[in-house]
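Colleague: model this:
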Amino acid sequence: MQIIIYTDGAALGNPGPGGYGVVMLFGTHRKELAQGYRLTTNNRMELLAVIVALESLKRADIPIEIYTDSQYVAKAINEKWLLGWAKKGFTKIKNPDLWIRFYPLWKKYNITFHWVKGHAGIPENERCDALATSAARTPYLLKDEGYENQETESNLSLP
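Modeller: As a prediction, this is how the structure comes out:
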């Protein structure tokens with residue numbers, strides 16, 4: 001048995017309102033997750049989808065297959081960028097707050113990442129896209145603290 005997770009992120013404008021969508025499959029069980037944010041980026045939502053999916057798991061002893069259409073996320077893991085970022089304390093990279101949140105989850109679980117082409121008719125990936133886009137359009141958008149606080153801090157440091 002394995003847990004199969006499909007993830008996707010969306011941003012309407014980049015940055016702009018965004019959201020993530022997740023479809024999780026285990027045997028006959030299915031779970032969908034989605035949430036929207038008022039100001040964020042596509043890459044943040046792609047990574048947040050993976051994080052939220054992993055944080056929702058109750059067991060760490062079942063292998064996990066994650067399917068993402070984000071080359072940013074897939075390459076960070078499969079090409080071992082994450083290990084280099086961790087050694088450098090996640091400095092001088094984009095989205096350090098999310099990578100710091102992801103790193104212990106990645107170490108905890110037995111995960112295999114697969115990149116899939118987006119908008120290629122893969123039913124669960126298409127469903128994730130619909131969930132993420134719909135979440136970004138909802139009137140109940142959360143604040144992406146990591147993004148908005150980073151933007152505020154960088155704006156404060158300008159001369």
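
Colleague: For the residue positioned nearest the centre of the chain, which non-adjacent residue is closest in space?
Modeller: With distances taken as CA atoms, centre = their mean, residue 47 lies nearest the centre of the chain, 2.2 Å away. What sits nearest to residue 47 in space, not counting adjacent residues and going by CB to CB, 6 or more residues apart in numbering, is residue 98, at 4.8 Å. The C-beta positions use only the backbone N, C-alpha and C, and glycine is treated the same way.

Colleague: and that neighbour, what helix or strand is that in?
Modeller: helix 96-108 (DSSP states H and E).

Colleague: cool, and residue 146?
Modeller: Residue 146 belongs to helix 145-156, assigned by DSSP H and E.

Colleague: what about the residue nearest to residue 47, neighbour count?
Modeller: 22 (other CB atoms under 10 Å).

Colleague: tell me the helices in the chain, going along the chain?
Modeller: Using DSSP state H, the helices found in the chain span residues 42-55, 71-78, 81-87, 96-108, 123-137, 145-156.

Colleague: Which among the ones you listed is found nearest to residue 115?
Modeller: Nearest to residue 115, of all these, is helix 71-78, at 3.9 Å by CB to CB.

Colleague: Next, the angle helix 42-55 makes with that closest one.
Modeller: Here helix 71-78 runs at an angle of 50 degrees relative to helix 42-55 (axes from the mean of the first three to the mean of the last three CA atoms, to 10 degrees).
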